[in-house]
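1. Build the 3D model from these lines:
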Amino acid sequence: MILIKPSFEIMTKTFSNDALNLIEKAGRTCYKSEDKITSKSAKKFVKDILKRGHESVIEHSAMTVKFICDRGVSHEIVRHRLCAFSQESTRYVNYKGGCTFVIPFWCDKIESGEYDITYFSKKPKDQQTWMTAMSEAEDSYKYLLSLGWSPQQARAVLPNSTKTEIVVTANFREWRHIFKLRCSKAAHPQMREIMIPLLKECQETIPVIFDLN
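-> Down below sits the predicted model:
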């Protein structure tokens with residue numbers, strides 16, 4: 001049984017300057033002010049249109065992010081409508097070699113790594129219980145495979161903590177909406193765990209878009 005922490009990777013590596021330039025070119029079409037474009041004008045243009053609430057213009061640029069999280073978190077991510085999703089499929093992926101589960105961040109005594117039942121007694125009782133449940137789910141899954149069940153049948157015993165990988169592409173306007181919802185205090189703690197660091201990285205890379213204050 002492998003236990004990991006959630007993570008993310010921004011797959012759109014060069015989205016900063018190119019994105020702002022594209023937004024400016026698209027937006028200036030509305031005003032036929034393309035002649036005002038300079039090497040330094042994009043940032044101010046985007047800042048001004050956002051100040052005026054003209055957010056449809058930033059839909060011309062997008063970002064793609066790969067999340068490694070548990071399936072409970074992924075179920076919430078896919079509720080966002082204006083996105084493209086490609087997700088690891090438990091119907092077709094066979095975990096006969098062992099399952100991977102994402103550690104809830106409140107299980108603060110569990111580190112990433114490969115575990116067997118001999119390590120459980122060293123953890124607090126509540127975290128022992130979670131680890132035991134994951135181990136039993138893995139055992140049940142592999143046993144059902146050995147009895148002839150297909151992966152899409154055996155997955156019925158896998159819990160929300162099962163690791164999944166999901167690639168999400170959305171335009172900047174939708175990402176702003178996602179961050180406002182998923183970084184708020186009302187969001188699920190595991191969602192905040194992964195979305196707040198992503199927002200901070202986006203703010204460092206392209207603050208004019210993702211400064212939501």
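2. where exactly do the strands run in the chain?
-> 2-4, 7-10, 62-70, 83-87, 100-102, 113-114, 163-171 (DSSP state E).
3. for these, which one sits closest to Thr29?
-> strand 163-171 (16.9 Å; CB to CB). Every C-beta, even on glycine, is put in place using the N, C-alpha and C of the backbone.
4. and that closest one with strand 62-70, angle?
-> Inter-element angle recorded for strand 163-171 and strand 62-70: 160 degrees (by axes from the mean of the first three to the mean of the last three CA atoms, to 10 degrees).
5. worst-scoring helix or strand of the protein, pLDDT-wise?
-> helix 15-31 (a mean of 88; mean pLDDT, DSSP states H and E).
6. how about JSON lines for the strands of the chain, with distance to Met195 and mean pLDDT added?
-> Shown next, in JSON lines, are those (distance: least, CB to CB, whole Å; pLDDT from 0 to 100):
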{"stretch": "strand 2-4", "distance to Met195": "18", "mean pLDDT": "96"}
{"stretch": "strand 7-10", "distance to Met195": "9", "mean pLDDT": "96"}
{"stretch": "strand 62-70", "distance to Met195": "9", "mean pLDDT": "97"}
{"stretch": "strand 83-87", "distance to Met195": "14", "mean pLDDT": "98"}
{"stretch": "strand 100-102", "distance to Met195": "15", "mean pLDDT": "98"}
{"stretch": "strand 113-114", "distance to Met195": "25", "mean pLDDT": "92"}
{"stretch": "strand 163-171", "distance to Met195": "11", "mean pLDDT": "97"}
